[in-house]
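**Q** With the input below, show me the fold.
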Amino acid sequence: MVFYFKALPEAGDYTIFMGLDKHENEELIKYGFPEDIWFHVDKMSSAHVYLRLNKGQTIDDINEGLLEDCAQLVKANSIQGNKVNNVDVVYTPWFNLKKTPSMDVGQVGFHNPKMVRTVKVEKRINEIVNRLNKTKVERKPDLKAEREAVNAVERAERKAQLRDKKKREELERLEKEKQSEIRSYKSLMVSEKMTSNKQIASANKSLQELEDDFM
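**A** Here you go, the predicted model:
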């Protein structure tokens, strides 16, 4: 089971989601999207909350309202973190999550700790948490199928880009050959290398002169 929430409309059309439990979190870790941003209360047990950005966006594109929604939601879904003030929420791109066989279910590390950011949440803001909970929808998605569908689209896009690249390269090659032929033709038309009809006539005897010589 995955829970989906809608962010503050003013922040943009974004979906925030989290797994029902640590086993669901394993699936979310395994089949995430490149645009997903992972949130968790630092040094405390909490839900794994994800924000799905639009294609092409990065962690730098998260605006203040969107960040606050995600931070409040992850704090509210931490048993310990929900009871105290001034908690730190860490967040990082999904592809920075590191999972090794020795880790417990739902546990993650980071490939690059420098890509992990922190935002401090002073206190729970019920207005935000209640608004998000009103948008909550429960679904049982096939995360693997969704990831494979995205992979198929990305492969098709890469193939199309490769075809376009090869086509451009072939057109450029043909244009270079054409320009080379034009330059070669122009070099043959240089006046110093050309012979006029008058020059040809002066260099050869007339028909009458040839007959006189023969006689």
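**Q** Show the contacting residues for Gln57.
**A** Glu35 (CB atoms under 8 Å, 6 or more residues apart in numbering). Just so you know, the C-beta spots here come from the backbone N, C-alpha and C atoms, and that holds for glycine as well.
**Q** go with 10 Å
**A** Shown in contact with Gln57 (CB atoms under 10 Å, 6 or more residues apart in numbering): Gly12, Tyr14, Glu35, Ile37.
**Q** again, but for Met1
**A** Gly19, Leu20, Asp21, Glu24, Glu138, Arg139, Lys140, Pro141.
**Q** State the helix or strand in which the fifth one lies.
**A** Which is Glu138. strand 137-139 (DSSP states H and E).
**Q** got a list of contacts for that strand?
**A** Contacts for strand 137-139 (CB under 10 Å, 6+ apart): Met1, Val2, Phe3, Tyr4, Phe5, Lys6, Thr15, Phe17, Leu20.
**Q** for the chain, what spans make up the helices?
**A** In the chain, the segments counted as helices under DSSP state H are 22-30, 64-76, 126-134, 143-188, 197-203, 207-214.
**Q** Out of those helices, flag the one nearest Val89.
**A** For these, the distance to Val89 is smallest for helix 64-76, at 4.5 Å, taking CB to CB.
**Q** in that closest one, what counts as buried?
**A** Gly65, Leu66, Leu67, Glu68, Asp69, Cys70, Ala71, Gln72, Leu73, Val74, Lys75, Ala76 (16 or more other CB atoms under 10 Å).
**Q** ok, so of these, who is nearest Val119?
**A** Distance to Val119 across the buried residues of helix 64-76 (CB to CB) is lowest for Ala71, with 5.3 Å.
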